[in-house]
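**Student:** fold the following for me, if possible:
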Amino acid sequence: MTLAAGSGAMMSANACACGGVVSGDSSARVNSETAVLGWDGRRETVLMRLGMRFAGADAALIVPTPTPATVSAGNSDSFAELSRMTAPERVTEYDWFGSGSLGGDASGAAPGSGPDVLGRVQLGPLEATTLRGGDLTGIREWLDANGYQLRPEVSATLEPYLREGWSFVAMRLTSAEPLSGALDPVRLTFDSDRLVYPMRMSAAATTPQSVHLYIFGDHRVARIDPDTDSHTVTTEFASPVDEPSEPTLKALAAGDNYLTELSVYITDPAAITSDFLFGPAAEDVPVRDRVVSKEYVEILGLPAGYVLIVAGLSVIGVIASAGLRRRSAK
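**Tutor:** Numbers count the residues shown, from 1 in each chain. Coordinates of the predicted model:
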């Protein structure tokens, strides 16, 4: 996927996790990309939230999907619940001897043919259009005619998806108001024979990229695509969880109760050759951060462990002395 601007002004390019920002506003940035994935073996749901800073003309987002997607509004409460689910485990350790720190430790269309427009919805400041078919020339012409202006190197990344028969969701900001912070989440639902997160368009980015993913499944999941070993992939959380209470997240999880949280960092986006693909991890080894706080046990202001040891030794000494006196008396 990639971001662009619908401005006819001289455009500059900036990186984002999903491609490149192209805008007449040189300060435009995508600060974060977070997505939640769920797949029932036939149909996939992606709940996506972008954090943006944008002060100029329209911005646009192009998302490839294996089949035409249904686009709807998500709920930011989904991400608040995910934060609660994956919060560090808090553990209290009792220190009887006064050691350690006092603080806590954190651990095939005809040439030139345009796409079919399958649907268009307005989601707050975002207009989303689902496109299917066409060739690269036709897609470029449609995007240009509808206010989406992509750099040539960005639009060229559409070609592999078109050859494979993928569809696209074109989303653009229709408000000219300055934007800073997270956009409301967008939910994409589409048929797919595998769990996938589209990333090949990110090859057009010119700076390192990062993406934050939550994946619901029957088991812990791992990246299995060819690019995995060339990226820094960190499992932040992996564990069975309770059924979500937030309705959007509950529907996405669809009864799957194992949640995996991954952070991905890509130092060389130009080397991207594959979308992210996922499969079962070798083992369901749980991963969770722990925050350890120490509680010091004291008696009369002294470490309780030492006080009890001294007291115990004193009692033993008294008993031993009494025994010796009895033997002497005999």
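**Student:** from here on, contacts and neighbour counts on C-alpha atoms
**Tutor:** Will do.
**Student:** where exactly do the strands run in the stretch 1-150 of the chain?
**Tutor:** Using DSSP state E, counting those that start in this stretch, the strands of the stretch 1-150 of the chain run over residues 2-5, 12-16, 19-23, 29-39, 43-54, 59-65, 70-73, 89-95, 105-106, 116-123, 126-132.
**Student:** and the longest one, which strands flank it?
**Tutor:** By that I understand strand 43-54. When pairing is defined by DSSP bridges, strand 43-54 lines up against strand 29-39 (antiparallel), strand 179-182 (antiparallel), strand 186-191 (antiparallel).
**Student:** quick one: residues contacting A253.
**Tutor:** Shown in contact with A253 (C-alpha atoms under 8 Å, 6 or more residues apart in numbering): 38, 216-217, 244.
**Student:** domain map for this protein?
**Tutor:** 2-85+108-280, 297-329 (automatic domain parsing).
**Student:** quick one: mean pLDDT for the shortest one?
**Tutor:** Averaging pLDDT along domain 297-329 yields 63.
**Student:** equivalent analysis for stretch 174-183, please.
**Tutor:** Mean predicted lDDT for stretch 174-183 stands at 65.
**Student:** for that stretch, how far is the first residue from the last?
**Tutor:** 13 Å (C-alpha to C-alpha, to the nearest Å).
**Student:** do the same with stretch 190-205
**Tutor:** Terminal residues of stretch 190-205 are spaced 26 Å apart (C-alpha to C-alpha).
**Student:** which stretches of the stretch 151-300 of the chain have low pLDDT?
**Tutor:** 176-182, 291-300 (pLDDT under 70).
**Student:** need the winner for burial among the domains of the chain.
**Tutor:** Among these, domain 2-85+108-280 has the highest mean neighbour count (mean count of other C-alpha atoms under 10 Å), at a mean of 19.
**Student:** just the strands in the stretch 151-300 of the chain please.
**Tutor:** Taking DSSP E, counting those that start in this stretch as the test, the strands found in the stretch 151-300 of the chain are 167-173, 179-182, 186-191, 196-197, 209-217, 221-223, 232-240, 258-266, 276-280, 290-296, 298-299.
**Student:** make a markdown table out of those strands and add distance to R42.
**Tutor:** Formatted as a markdown table, these follow (distance: least, C-alpha to C-alpha, whole Å):
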| stretch | distance to R42 |
| --- | --- |
| strand 167-173 | 17 |
| strand 179-182 | 30 |
| strand 186-191 | 6 |
| strand 196-197 | 12 |
| strand 209-217 | 13 |
| strand 221-223 | 17 |
| strand 232-240 | 22 |
| strand 258-266 | 18 |
| strand 276-280 | 14 |
| strand 290-296 | 36 |
| strand 298-299 | 60 |
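**Student:** got the contact list for D225?
**Tutor:** By C-alpha under 8 Å, 6+ apart, the neighbours of D225 are 274-278.
**Student:** F276 versus that one, what's the distance?
**Tutor:** 6 Å.
**Student:** and for G138?
**Tutor:** 27 Å.
**Student:** what's the answer for T235, then?
**Tutor:** 15 Å.
**Student:** same question, V264
**Tutor:** From V264 to F276 the distance is 10 Å (C-alpha to C-alpha).
**Student:** next: T228.
**Tutor:** Distance from T228 to F276, by C-alpha to C-alpha: 8 Å.
**Student:** do P286 as well
**Tutor:** Separation of P286 from F276 (C-alpha to C-alpha): 22 Å.
**Student:** please apply the same query to I224.
**Tutor:** 8 Å.
**Student:** try D193
**Tutor:** 14 Å.
**Student:** what do you get for R140?
**Tutor:** 25 Å.
**Student:** and R220, by the same measure?
**Tutor:** Taking C-alpha to C-alpha, one finds R220 at 16 Å from F276.
**Student:** same check, this time on G217
**Tutor:** 16 Å.
**Student:** tell me the contacts of the residue lying closest to Q122 once chain neighbours are set aside?
**Tutor:** What sits nearest to Q122 in space, not counting adjacent residues and going by C-alpha to C-alpha, 6 or more residues apart in numbering, is A128, at 6.3 Å. Shown in contact with A128 (C-alpha under 8 Å, 6+ apart): 71, 120-122, 169-172.
**Student:** could you dump those to CSV with distance to A87?
**Tutor:** Shown next, in CSV, are the contacts of A128 (distance: C-alpha to C-alpha, whole Å):
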residue, distance to A87
V71, 30
R120, 37
V121, 35
Q122, 34
V169, 33
A170, 34
M171, 32
R172, 33
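**Student:** just grab the bridge partners of the closest residue to T45 other than its chain neighbours for me.
**Tutor:** Spatial nearest neighbour of T45, excluding adjacent residues (C-alpha to C-alpha, 6+ apart): T189 at 4.4 Å. Applying DSSP bridges to T189 yields these beta-bridge partners: T45, T70.
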